[in-house]
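# Sequence and predicted structure are below.
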Amino acid sequence: MKIYKTLNGIVIERNGDYYFKEIMDWDSFINTDPLVDHIESVLPTFKRMDKDDFLQLKILAPVSKQEVWAAGVTYLRSRDARMEESKDAGGGTFYDKVYLAERPELFFKASPFRVVNPGEHVRIRKDSNWNVPEPELTLFLNNRGKISGYTIGNDMSSRSIEGENPLYLPQAKVYDGSAAVGPCIYVSRDGLPSDTLITIRIERKGENVFDGQVRVNRIKRDLNELAEYLFRECSFPYGCFLMTGTGVVPPNEFTLQEDDQISISIDNIGTLKNVVSS
Ligand code: DO4
Ligand code: MG
């Protein structure tokens, strides 16, 4: 099942059918545990709607009061790319070490205010000349720290700023329009299959300029372990979103440009589309 936050209320998609309710308390709704059982029990109080009507609704990022966090260097491809971009700054070994370390890299990515809705503009920094999207499976962790659903995240990043000095990570990662999340929260009793595919396409003036993909089972870390580390010394009364790291990095000569269209798809969840602006 998929849960959409829209301007008018909540939509549940189940087996291709759409159900709507004007519920405004998103935070309580998504923190009910177990979420799948809650949705099943309240679905009869929702009104069935046509797909065409659903497509007219303004879909928002599934974020209300939740912080967005991110894990880094969880795939080999990310480790290699960071080691390369930071070699002149002497940062290379940090990434190698964190890839192998017991403690994962976790960083604060965005307050809700900085999260961009599906279809809207993600940004590249004006003081950065090397910018990439990072397509990431994103967990919804409820206020008990349990993985309760899955969505798609784009961890927009400045490679020039992070590469100059790893201590610049917050500036490379956190700025207005640096995170997109959505289009829904996917919930399932069985979680996600381990061979779930993440794909990304970047289009420029109607042409594909980058295509990449990775399967979730290439990740080095267990998803529950990432959640456990995040909740060790942080509480999240409304739950939180955790981007789980990128396994796709465009070649070094690639940088995003204004008006590029980014589409990130993950099996079972859907596609998150955004346009780039500066
Ligand atoms: O270490 C820096 C950030 C890495 C990251 O965002 C990723 O691997 O996805
Ligand atoms: Mg990332």
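Cool, got the structure. Ligands and ions are numbered 1, 2, ... in the order given.
# Could you measure from the closest residue to ligand 1 within the stretch 51-200 of the chain over to Thr246?
Nearest to ligand 1, among the residues of the stretch 51-200 of the chain, is Gly72, at 2.8 Å (CB to the nearest ligand atom). No exception for glycine: its C-beta is placed from N, CA and C like everyone else's. Counting by CB to CB, to the nearest Å, the gap from Gly72 to Thr246 is 8 Å.
# what do those two both touch?
Common contacts of Gly72 and Thr246, defined by CB atoms under 8 Å, 6 or more residues apart in numbering, comprise Ser78.
# residues in contact with Leu57?
Tyr4, Thr6, Leu7, Asn8, Val11.
# With Ile198 instead?
Contacts of Ile198 (CB under 8 Å, 6+ apart): Pro135, Glu136, Leu137, Gln213, Val214, Arg215, Val216, Gly247, Val248, Ile264, Ser265, Ile266.
# How about the first one: which residues does it bridge to?
Meaning Pro135. Beta-bridge partners of Pro135, counted by DSSP bridges, are Asn154.
# Return the residues in contact with it.
Contact analysis of Pro135 by CB under 8 Å, 6+ apart lists Ile152, Gly153, Asn154, Ile198, Thr199, Ile200, Gly212, Thr246, Val248, Ile264, Ile266.
# what's the burial count for the nearest residue to the fifth one once chain neighbours are set aside?
Of all residues beyond its chain neighbours, the one nearest Thr199 is Gln213 (4.3 Å), with distances taken as CB to CB, 6 or more residues apart in numbering. Other residues within reach of Gln213 by the criterion other CB atoms under 10 Å amount to 13.
# Then Val248?
Neighbour number of Val248 under other CB under 10 Å is 23.
# my read: it touches Ile200, true?
Yes. Counting by CB atoms under 8 Å, Val248 touches Ile200, with 5.6 Å between them.
# quick one: common contacting residues for those two?
Pro135, Gly212, Gln213.
# near ligand 1, which of those residues show up?
Among the shared contacts of Val248 and Ile200, no residue is within reach of ligand 1 (CB under 6 Å from any ligand atom).
# Which of these sits closest to ligand 2?
Using CB to the ion, the shortest approach to ligand 2 within those belongs to Pro135, at 9.0 Å.
# about what we covered before: for Tyr168, state which of the contacts of Pro135 is nearest.
Comparing these against Tyr168 with CB to CB places Thr246 closest, at 18.1 Å.
# Could you verify my assumption that the closest one touches Asn154?
No. Judged on CB under 8 Å, Thr246 makes no contact with Asn154 at a distance of 9.5 Å.
# Pick out whichever of the two has more residues nearby.
More crowded of Thr246 and Asn154, by other CB under 10 Å: Thr246, with 29 against 26.
# Not counting its neighbours along the chain, what's nearest the more buried one?
Once flanking residues are discounted, Thr246 sits nearest to Glu134: 3.8 Å by CB to CB, 6+ apart.
# ditto for His38
Thr32 (3.9 Å).
# Kindly give the local confidence score, pLDDT, for the closest residue to ligand 2 within the stretch 151-278 of the chain.
Closest residue of the stretch 151-278 of the chain to ligand 2, CB to the ion: Asp155 (3.5 Å). Looking at Asp155, its pLDDT reads 98.
# what's the answer for Phe254, then?
pLDDT at Phe254 comes out at 98.
# same question, Gly92
Gly92 is assigned 67 on the pLDDT scale.
# ok, now the one 5 residues further on?
At Lys97, the predicted lDDT confidence score is 93.
# In three-state terms, label it for me.
Classification of Lys97 using DSSP: H, G, I helix; E, B strand; the rest coil returns helix.
# on that earlier part again, can you flag which of the contacts of Pro135 belong to helices?
Assigned to helices by DSSP state H, none of the contacts of Pro135 qualify.
# Near ligand 1, which residues of the stretch 101-250 of the chain are found?
Proximity of the stretch 101-250 of the chain to ligand 1 (CB under 6 Å from any ligand atom) is limited to residues Glu105, Glu134, Asp155, Leu169, Gly245, Thr246.
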